[in-house]
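S.K.: okay, predicted coordinates and the sequence, questions at the end:
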Amino acid sequence: MADGFHIDIKDVLEKTIYAQQKVISGCQHYAKSAGNQMLADAKKNAKWTDRTGLSRQTMDMIVVNDNGIITIQLRGNTPQFQYLEYAMEKRFAILNPTVEKWAPQVLRGWAETVSGLA
């Protein structure tokens, strides 16, 4: 008499978890690369005059992974940065326009990254 068949789901679960980790890792790596490119673009194309040099030097970016939601954040870290971004009818803003400029390209790149890893 046949015993039926036995399925060991452990191997399937391990491979699924590995694939998820691979996709998340690839997305974070891509986000860091894209974030650095965005940051370089923002530093290069800022319309304001940086009299002390600190405003451009202290601009940075971080990649945040909040339960699988990966976000690229560009930041200005000097007291005058808020003035540069919001004063003068936003004429000198650089961070938000940079994000808007790069968003379509970054999303396409993320899609390509995910499809290449899946």
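M.R.: Alright, I've got the coordinates.
S.K.: centre of the chain to the worst-scoring helix or strand of the chain on mean pLDDT, how far?
M.R.: The helix or strand of the chain with the poorest confidence is helix 81-86; it has a mean of 82 (mean pLDDT, DSSP states H and E). Mean C-alpha position of helix 81-86 versus that of the full chain (C-alpha atoms, centre = their mean, to the nearest Å) differs by 22 Å.
S.K.: before we move on, what about stretch 35-52?
M.R.: Using C-alpha atoms, centre = their mean, we find the averaged C-alpha position of stretch 35-52 to lie 17 Å away from the chain's own average C-alpha position.
S.K.: please apply the same query to stretch 90-98.
M.R.: Its chain's average C-alpha position is 18 Å from that of stretch 90-98, according to C-alpha atoms, centre = their mean.
S.K.: for residue 99, see how far away residue 107 is.
M.R.: 12 Å (C-beta to C-beta, to the nearest Å). Every C-beta, even on glycine, is put in place using the N, C-alpha and C of the backbone.
S.K.: the two - which one has more neighbours?
M.R.: The neighbour count for residue 107 versus residue 99, taken as other C-beta atoms under 10 Å, is higher for residue 99 (15 against 11).
S.K.: list the contacts for that one?
M.R.: If you count contacts by C-beta atoms under 8 Å, 6 or more residues apart in numbering, residue 99 has them with 38, 72, 74.
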